[in-house]
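*Asks:* sequence unknown, structure follows:
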C-alpha cells in the first residue's frame, strides 16, 4: 500500500490490532481469566469457532491513565519517524488529499483516541480497558472486538503476519482482514445481548460516533484521513462476508494462513474470490536531478480510488480502480520538493487505458502543474509533486466514496448468498449502486452515516433490483 497510508499509520497508530509496537514487554499468560472478561471470552470463542489457547492478561486503567497511554507522544518520535512522516505528508498533498496546513500526526492521534474504550497489543499479549468495570454494553462489545484480536494472535501470530505483510507492501490488506474479522465477531456478540442491552448499545454507539465526529471535526482532521483510517473497519467485514458466502467460514482462517497482498481484495472482493494474481510492475525511472526518498512502494487500488474520487464522480473512480492490475511507485525529491511517480497497469489493455484516462481527467482538477500523466498502452504513469501552500482540499467528500464502495461490496455479498456466481454478483452490485434510484441512499448516508434510509427510497431501489439482476443473469449466466 502507498506510503501515505501505511508509512504514516505504522508510525502513529495506537497499539490496537496488528499495529502494535514491537518494543513492549510481553506479559506472562495468566493461569485464569479475569472474571470480568471470562464470559465475553467464552462467547467470542463460540462465535469465532476457535478456542483460546490460554487466558489473556488484562489491565484496567482510569480514564486519565488510559488516555495518556493511547495518545501519541511526539517527543518519542525518532529522526527517521519524523522523516517518514514528512514524506507521507508531502505525498498526501501531492495527490490532493490534504491541504497545506494539516499535521498528519495530530490528525491520526485524534482519530485513534476518539471513542477508544479498549485495545489489544500483540507485543504484550495484553488487553487494556478504559475504566474499572465493563458493565456498560458498549465496553463489553469493544472488549469482544479486542478479544477477537487476542484469539487471532494465539492461532495465527499477528506480529509475524505483520512483518511478512510489511515486506510485501501489504500491511493494509492484512489489517483489513484482522479488523474485518473482529468487527464481524463484535457485531455477532452485540446481537447475542438482551434486547435491552442491544438498545442501550445502539444508543451508546450512536452517541459515541457523533461525539467522535465532533471531536475530529473540531480538530480539523481532513475527511480523507478519516476514511483511510476507517476503511479496514468498514470494508473488511463486507469482504469477509463475500468469502463466507462463497467458501464458508473456514475461508476466513484461510485468509489468515495466506493473507491477501493487494488492497483490491477489499475494494473489489471479486478479485479475492477469483484468486486473481496481479502483475509485478518495475519501479518507474527517475530523471536527472531527482533523488529517490525511501524504498519503492505500491500505490494500490484503494488509494487510486480515493485519489480519483476526491475530484471525479465516485462511479467513474471505482471503474478505474476496479481495472487496476498492479503498480509500482517511487517517492523522490526534486529541488527540495517531495514528489511521487507511480506506474499503473490494468488487468487488460483496456483497463490500462481506463486508468490513464481517469488520472488525466483528475490531473486537470489539481493545482496547475502539480500533476502530470503519461498514458501509454503498456502503462499509465502519474507524476505528482507537493504544491506546498498552493495545495487545495479535495472538493468531493471522501466519505461519499467510502460509502459508495461499501454499499457496492455489501450488495455483492448479498447476491452471492443467493447462490449466484461471482460474475453475476459483480454485475448486479455494480448496476444497483450506479442506478439513479440508489443515489439518495448514498447522499443520505453521507449526511448521517448512522441514519436509516427513507422507506420510499428503499422501495424505489427494491423495485429496480429484479430488473438489474435479470439483466446480469442474461448477460453472464446463472451458473
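*Replies:* Looks like it came in fine. Because the structure is a prediction, the values reported are computed rather than measured. Residues are numbered from 1 along each chain as shown.
*Asks:* Run a quick check on residue 145 versus residue 187, I expect a contact.
*Replies:* No: judged on C-beta atoms under 8 Å, residue 145 makes no contact with residue 187 at a distance of 9.2 Å. Heads up, the C-betas are built off the backbone N, CA and C, glycines and all.
*Asks:* Compare those two and say which one has the larger neighbour count.
*Replies:* Higher neighbour count among residue 145 and residue 187: residue 145, with 26 against 15, using other C-beta atoms under 10 Å.
*Asks:* Can you list the residue ranges for strands in the stretch 51-200 of the chain?
*Replies:* 57-61, 118-121, 126-130 (DSSP state E, counting those that start in this stretch).
*Asks:* how is the chain carved up into domains?
*Replies:* 3-252, 290-390, 407-476 (automatic domain parsing).
*Asks:* How far off centre is the longest one?
*Replies:* Right, domain 3-252. 12 Å (C-alpha atoms, centre = their mean, to the nearest Å).
*Asks:* could you give me the average pLDDT of it?
*Replies:* For domain 3-252, mean pLDDT is 86.
*Asks:* What of the last one?
*Replies:* When pLDDT is averaged over domain 407-476, the result is 94.
*Asks:* and the end-to-end length of it?
*Replies:* In domain 407-476, first residue to last residue: 22 Å (C-alpha to C-alpha, to the nearest Å).
*Asks:* and if you look at the second one?
*Replies:* From the first residue to the last, domain 290-390 extends over 21 Å; the measure is C-alpha to C-alpha.
*Asks:* For the stretch 1-150 of the chain, just list every one of the helices.
*Replies:* 3-12, 38-48, 63-70, 79-94, 104-113, 137-156 (DSSP state H, counting those that start in this stretch).
*Asks:* Figure out which of those is closest to residue 336.
*Replies:* Among those, the nearest to residue 336 by C-beta to C-beta is helix 79-94 (10.6 Å).
*Asks:* What are the buried residues along that closest one?
*Replies:* 81, 84, 85, 87, 88, 89, 90, 91, 92, 93, 94 (16 or more other C-beta atoms under 10 Å).
*Asks:* Now for those: which two are most distant?
*Replies:* Between any two of those (C-beta to C-beta), the greatest distance is 20.1 Å, for 81 and 94.
*Asks:* quick one on the thing from earlier: compare the strands of the stretch 51-200 of the chain and give me the one nearest residue 202.
*Replies:* Closest of the strands of the stretch 51-200 of the chain to residue 202 is strand 118-121, at 18.8 Å (criterion: C-beta to C-beta).
*Asks:* which other helices and strands contact the helix or strand where residue 214 lies?
*Replies:* Using DSSP states H and E, residue 214 maps to helix 195-218. If you count contacts as 3 or more C-beta pairs under 8 Å, 6 or more residues apart in numbering; DSSP states H and E, helix 195-218 packs onto helix 104-113, helix 137-156, helix 171-191.
*Asks:* any idea which helix or strand comes after that helix?
*Replies:* helix 223-247.
*Asks:* got the angle between that following helix and helix 195-218?
*Replies:* Put simply, helix 223-247 runs at 140 degrees to helix 195-218, going by axes from the mean of the first three to the mean of the last three C-alpha atoms, to 10 degrees.
*Asks:* Past helix 223-247, which element shows up next along the chain?
*Replies:* helix 250-257.
*Asks:* quick one, what contacts residue 114?
*Replies:* 211, 212, 215, 216 (C-beta atoms under 8 Å, 6 or more residues apart in numbering).
*Asks:* List the buried residues for stretch 104-111?
*Replies:* Buried, per 16+ other C-beta under 10 Å, within stretch 104-111: 104, 105, 107, 108, 109, 110, 111.
*Asks:* returning to what we had before: can you turn the buried part of the contacts of residue 114 into a ChimeraX selection?
*Replies:* In ChimeraX, a selection of the buried entries from these looks like this (16+ other C-beta under 10 Å):
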select :212,216
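*Asks:* Name the nearest of the contacts of residue 114 relative to residue 393.
*Replies:* Taking the contacts of residue 114 together and measuring to residue 393 by C-beta to C-beta, the closest member is residue 216, at 15.2 Å.
*Asks:* before we move on, back to that, would you convert the buried residues of stretch 104-111 into a markdown table that also reports distance to residue 176?
*Replies:* Converted to a markdown table, these look like this (distance: C-beta to C-beta, whole Å):
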| residue | distance to residue 176 |
| --- | --- |
| 104 | 20 |
| 105 | 23 |
| 107 | 21 |
| 108 | 17 |
| 109 | 22 |
| 110 | 22 |
| 111 | 16 |
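*Asks:* Looking at those residues, which one is closest to residue 456?
*Replies:* Distances from residue 456 to the buried residues of stretch 104-111, taken by C-beta to C-beta, are shortest for residue 111, at 35.0 Å.
*Asks:* For residue 69, see how far away that closest one is.
*Replies:* 16 Å (C-beta to C-beta, to the nearest Å).
*Asks:* Any chance of CSV for the helices of the stretch 1-150 of the chain, columns distance to residue 200?
*Replies:* Formatted as CSV, the helices of the stretch 1-150 of the chain follow (distance: least, C-beta to C-beta, whole Å):
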stretch, distance to residue 200
helix 3-12, 32
helix 38-48, 16
helix 63-70, 20
helix 79-94, 39
helix 104-113, 24
helix 137-156, 5
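*Asks:* Nearest to residue 447, out of the ones you listed?
*Replies:* Here helix 104-113 is closest among the helices of the stretch 1-150 of the chain (C-beta to C-beta), at 20.7 Å.
*Asks:* Which stretches in the stretch 301-450 of the chain count as strands?
*Replies:* Secondary structure of the stretch 301-450 of the chain (DSSP E, counting those that start in this stretch): strands at 324-334, 337-346, 371-376, 379-385.
*Asks:* now the last one and strand 324-334, what's the angle there?
*Replies:* Using the same axes, to 10 degrees, the inter-axis angle of strand 379-385 relative to strand 324-334 is 30 degrees.
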